[in-house]
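Q: how does the following fold in three dimensions:
(chains A and B)
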There are 2 protein chains.
Amino acid sequence: MNQSESQADLRWTTQQRNRGDRLARVQAALGGALDGKVVQAAHIVDLLNAVLEPGDRVCLEGNNQKQADFLGKALTKVDTGRVHDLHMLLSVLSLPEHLDVFDKGIASRLDFSFSGPQAGRLAKLAQAGKLNIGAIHTYLELFARYFIDLTPRVALVAAEMADREGNLYTGPNTEDTPAIAEATAFKSGIVIAQVNRIVDKLPRVDIPGDWVGYVVQSPTPYYIEPLFTRDPAQISEIQVLMAMMAIKGIYAEYEIERLNHGIGFDTAAIELLLPTYAASLGLKGKIARHWALNPHPALIPAIEAGFVESVHSFGSELGMEKYISARPDVFFVGPDGSMRSNRAFSQAAGHYACDMFIGSTLQIDLQGNSSTATLGRIAGFGGAPNMGADARGRRHPSKAWLKAGEQARAGRNVIPRGQKLVVQMVETFREHMAPAFVEKLDAWQLAEQANMAIPPVMIYGDDVTHILTEEGIANLLLCRTEEEREQAIRGVAGYTPVGMGRDKRMVENLRDRGIVQRPEDLGIDKRMATRDLLAAKNMKGLVRASGGLYDPPKRFRNW
Amino acid sequence: MNQSESQADLRWTTQQRNRGDRLARVQAALGGALDGKVVQAAHIVDLLNAVLEPGDRVCLEGNNQKQADFLGKALTKVDTGRVHDLHMLLSVLSLPEHLDVFDKGIASRLDFSFSGPQAGRLAKLAQAGKLNIGAIHTYLELFARYFIDLTPRVALVAAEMADREGNLYTGPNTEDTPAIAEATAFKSGIVIAQVNRIVDKLPRVDIPGDWVGYVVQSPTPYYIEPLFTRDPAQISEIQVLMAMMAIKGIYAEYEIERLNHGIGFDTAAIELLLPTYAASLGLKGKIARHWALNPHPALIPAIEAGFVESVHSFGSELGMEKYISARPDVFFVGPDGSMRSNRAFSQAAGHYACDMFIGSTLQIDLQGNSSTATLGRIAGFGGAPNMGADARGRRHPSKAWLKAGEQARAGRNVIPRGQKLVVQMVETFREHMAPAFVEKLDAWQLAEQANMAIPPVMIYGDDVTHILTEEGIANLLLCRTEEEREQAIRGVAGYTPVGMGRDKRMVENLRDRGIVQRPEDLGIDKRMATRDLLAAKNMKGLVRASGGLYDPPKRFRNW
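A: Just a heads-up that it's a prediction; the model follows:
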């Protein structure tokens, strides 16, 4: 009985025993150079050679902001005789080394969310057969799979500081680390953290040391990009006009109190119009009170004006640290005085606790499907699919949610249900005069090129409620037929071929019914749409609005 | 400048300063009786009187499993002159004291997810004007709001152990604690934990001590209910037949590898048929490999047979501790040897990483909307709305997801998209011969009674893909009109009035098209549907299957 019991045990503890083997290999390889959990930077490649096994699922913390770049570089230097065919899991492929591992034969399979700057090279590597893409995910979906069928064997993460017990302080850029570390540590995996500093006492503990296998102080602090900073000097008057339409035609109309903004100048313009235009409409305290949002510098004037009650963040933003610490009523700040972001929770909040998602896109088709996928680039969509989808599990009502649901169902014999507002905001032509409205998305061709099961759509037409361009707002909730929907979209598509192809009488009819609204239908005088409405007109204005607390990265400083 | 700066600071630190005031009041009230963060059980009411303020949002950890019952009871004893009009946030209202606070005027507002055993009393209190219900949520939605507009000022949580620095060990029943503690601690709130034991060294840290204000050792361990245990002895042959249909007609048909099971005998029967019936169909390794699931005892035989590769859990289950610890290849087990569950991550996994949700309900209407709401009871739905909704943000493909999406869209000119399988499994009559199929859900009347904005639907008809009864399977994905859908539902509704009202010719036509399938259409011989197919026939059989590791609670032991 005892013997069969211990045999049975062995059958069910392969991962734990394999973990033990790995730790023993490290001990053998590093020996005296290992100081408890602390590994010297010089030994990092040796550590990886000892820890990793062929075929391992390895999660490398490439986030939307912070990057485990030291570990990522080290991974490109492992012995390919020992370590190969890794299955890489990354939220964001943003650094060259994220792809170098495929080029060098260290890794062969990839699951990810977003690859912005590396999208072109990724497509080339895929075509050359150097890597096999499992799938593209929205962030929360990728984290979800870490607990189901994509649990990492080894996670390479980044933190500000560690102590000698392996406790981690992630500070404001907590981001994906808790989700990655938990999934790995509790399935007999090994978490390796690069930190900017090893200290005796952490400001606070973000990840308990029990969950962490090894820590290494990297020679330079982890790389981070100020992704969400937009210089107000570059906001155009067309963007001001569109922001006015958004505020009056959507935010005020639905009384949207809880929301997420996508990245870009369009939404930055809205943020900068809250304390001016929105305040002049008497909307303070009525709209835009609670946010799931990175700490956008463009939101500073609205915060200072008392428009914003709370902001929970996916990640932080370079230069915003002092401002955030000084505004703990608004941001999620710990007893130590610095923020804790959390991408998993903020994405859940964006999905379930927000009434609206508004963002930009590159292409919209006649059914309202939108995508940022373009030929020769495999880019992914980050958080947009999660936040730009109707949260069909949501059950708590709000005015905005009920009104959108009513509009979608009016006159139909179906049970009442609320609906999330999903707004796509685009100028009819983007750079190089490429039309934003197309008959067929490039995503179709890309799917064929890259051998995807279905075209990579960012936000599906049946989840989109409004399309906003400089020509007007199309309210797709009120459309009753496919044809109405198509004409509503054509009706705001301006001088693009799609816009020119409109049935003018039908569009005018839609306008009479309030489905298509022009600025003048909203009582907006286009002559008012000037940059004077921006609460800050440049980076200096943002710094001033922050009382000097915001400290923009150098490249945004031109004074 | 300095003066205006410090004034500005004060404007933005009201919560931090208020937190300081509360801590100072505790110091004044408890004085020498306070030992760092450790409070004696005898002083718990004094602590609450000092910490709380009228109108506070208070999250009391009433989970689906573990209960902060000692803190909940203490809350009913506070001085109502000092503490009143609290806004209570609870995942699950399961204990009488959860409602006593409303009866006594200590609390007046409630946001929650599920109230099973207290649903009747909740409805009465609401009607008597003793409490104001904010809304009913699915779990992940409620957690999401903790980071947006329902952030707790004070959280009362439960853990196994604490050390003197306030670090918490939650053990296998981690459940909601991480989400609650994080939202509270990082918005200047105060986390108070009841623990079964205060020790010098924890087995592991689940919640860092920095996040925790006070810990108190409760006189008795926290209350916990074995909610997910189903005695196989009570499974009927009708349930065996339905389980056979589920396995052959849905699991095998769509090759479902990743899934969640709802609670109940219907799904327990499926679990117990995996190593017998499903194995005989050659399905081992092809279906039901990865689960988001509590550690159901009924899953033991399937695990032992090697059907199950991994299980991530919302919470734990009483008596399963030793079995889980001995199966770390399957469950998420820490280096300390015990599981860490996490309701937030497992709900995210159920939503985004699973291909199917299958569960039971009380009522289904002609459009396929289902609800467990009945008159005079305000019950909520727990996790079902989140897992029983099409995850429209999902972007990664699987066979099951693509096939469901194709079936839903075949012949329609829309962009391809996958779809989640959402199966409602019911016998046509439930106890007391109440029909499961109705023309109109009780939810409509309840909504009027309780003044809800819309009827409380658990799973909406447009998210349901299959309805399974002892009469057969209706595949709603293949229905092309509202009428077809209604007849497909009537076609499996047996001898209920809804079933009797079917158009027989149309139902036969649906059967010819495979939309309605009878057991014989699936090649299932009803005579085979006996209890002999159950891999364990009673609790003793489950214990035996576990090699003696499963230790059922007393009330389930009849040997």
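Q: drop to CA atoms for contacts and neighbour counts, all remaining ones
A: OK.
Q: can you give me phi and psi for the residue positioned nearest the centre of chain A?
A: Geometric centre of chain A, nearest residue: A:Gly383, 3.8 Å, by C-alpha atoms, centre = their mean. Torsion angles at A:Gly383 (phi, psi; degrees, to the nearest 10) stand at phi -90, psi -10.
Q: who's in contact with it?
A: Neighbour list for A:Gly383: A:138-140, A:347 [criterion: C-alpha atoms under 8 Å, 6 or more residues apart in numbering or on different chains].
Q: I'd like the distance between it and A:Gly350.
A: Using C-alpha to C-alpha, to the nearest Å, we find A:Gly383 at a distance of 9 Å from A:Gly350.
Q: A:Phe112 belongs to a strand, doesn't it?
A: Yes: using DSSP: H, G, I helix; E, B strand; the rest coil, the secondary structure at A:Phe112 is a strand.
Q: re earlier: restrict the contacts of A:Gly383 to contacts with chain B.
A: Among those, the residues within reach of chain B (C-alpha under 8 Å from any C-alpha of the partner chain) are A:138, A:140.
Q: out of the contacts of A:Gly383, which is most surrounded?
A: For these, the largest number of neighbours (other C-alpha atoms under 10 Å in any protein chain shown) sits with A:Leu140, at 32 neighbours.
Q: excluding sequence neighbours, find me the nearest residue to that one.
A: Take A:Leu140 and drop its neighbours on the chain: the residue closest to it by C-alpha to C-alpha, 6 or more residues apart in numbering or on different chains is A:Ala344, 5.9 Å away.
Q: what's the single longest helix in chain A?
A: Across chain A, the helix with the greatest residue count (assigned by DSSP state H) is helix A:14-30.
Q: which strands and helices lie in contact with the helix or strand following that one?
A: Taking DSSP states H and E as the definition, the helix or strand that follows helix A:14-30 towards the C-terminus is strand A:38-39. Contacts defined by 3 or more C-alpha pairs under 8 Å, 6 or more residues apart in numbering or on different chains; DSSP states H and E place strand A:38-39 against strand A:214-217.
Q: so what touches the strand it packs on?
A: By C-alpha under 8 Å, 6+ apart, the surrounding residues in contact with strand A:214-217 are A:37-41, A:44, A:162, A:166, A:191-198.
Q: neighbour-wise, which one of the residues you listed leads?
A: A:Ala193 (32 neighbours).
Q: now do the SS call for that residue.
A: Here A:Ala193 is recorded as strand under three-state DSSP.
Q: tell me the bridge partners for it.
A: Judged by DSSP bridges, the bridge partners of A:Ala193 are A:Val157, A:Val215.
Q: which residues of the stretch 151-300 of chain A fall in helices?
A: For the stretch 151-300 of chain A, the helices defined by DSSP state H, counting those that start in this stretch cover A:177-185, A:237-246, A:252-254, A:265-273, A:279-280, A:300-304.
Q: and of those, who's closest to chain B?
A: With C-alpha to the nearest C-alpha as the criterion, chain B lies closest to helix A:177-185 of the helices of the stretch 151-300 of chain A, at 6.6 Å.
Q: circling back to that earlier point, export the helices of the stretch 151-300 of chain A to a markdown table and tack on mean pLDDT and distance to B:Arg57?
A: Rendered in a markdown table, the data for these read as follows (pLDDT from 0 to 100; distance: least, C-alpha to C-alpha, whole Å):
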| stretch | mean pLDDT | distance to B:Arg57 |
| --- | --- | --- |
| helix A:177-185 | 98 | 26 |
| helix A:237-246 | 98 | 33 |
| helix A:252-254 | 98 | 26 |
| helix A:265-273 | 98 | 29 |
| helix A:279-280 | 98 | 29 |
| helix A:300-304 | 98 | 23 |
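Q: mind putting these into JSON lines with distance to chain B and mean neighbour count?
A: Written out in JSON lines, the entries for those read as follows (distance: least, C-alpha to the nearest C-alpha, whole Å; neighbours: other C-alpha atoms under 10 Å in any protein chain shown):
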{"stretch": "helix A:177-185", "distance to chain B": "7", "mean neighbour count": "24"}
{"stretch": "helix A:237-246", "distance to chain B": "22", "mean neighbour count": "26"}
{"stretch": "helix A:252-254", "distance to chain B": "16", "mean neighbour count": "18"}
{"stretch": "helix A:265-273", "distance to chain B": "18", "mean neighbour count": "26"}
{"stretch": "helix A:279-280", "distance to chain B": "20", "mean neighbour count": "14"}
{"stretch": "helix A:300-304", "distance to chain B": "9", "mean neighbour count": "23"}
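Q: for chain A, which element, helix or strand, carries the lowest mean pLDDT?
A: helix A:2-11 (a mean of 61; mean pLDDT, DSSP states H and E).
Q: what residues sit buried inside stretch A:519-533?
A: Judged by neighbour count (16 or more other C-alpha atoms under 10 Å in any protein chain shown), stretch A:519-533 contains these buried residues: A:519, A:524, A:529, A:531, A:533.
Q: which other residues reach that stretch?
A: Stretch A:519-533 is contacted from outside by A:235-238, A:240-241, A:244-245, A:248-249, A:272-273, A:276-277, A:471-472, A:537, using C-alpha under 8 Å, 6+ apart.
Q: repeat that for 7 Å
A: With C-alpha atoms under 7 Å, 6 or more residues apart in numbering or on different chains as the test, stretch A:519-533 has contacts from A:237, A:240-241, A:245, A:249, A:273, A:276-277, A:472.
Q: now do the same end-to-end measure for it.
A: Stretch A:519-533 end-to-end distance (C-alpha to C-alpha) = 16 Å.
Q: what residue spans form the domains of chain A?
A: The record's domain parsing of chain A by the TED database lists A:16-224, A:235-541.
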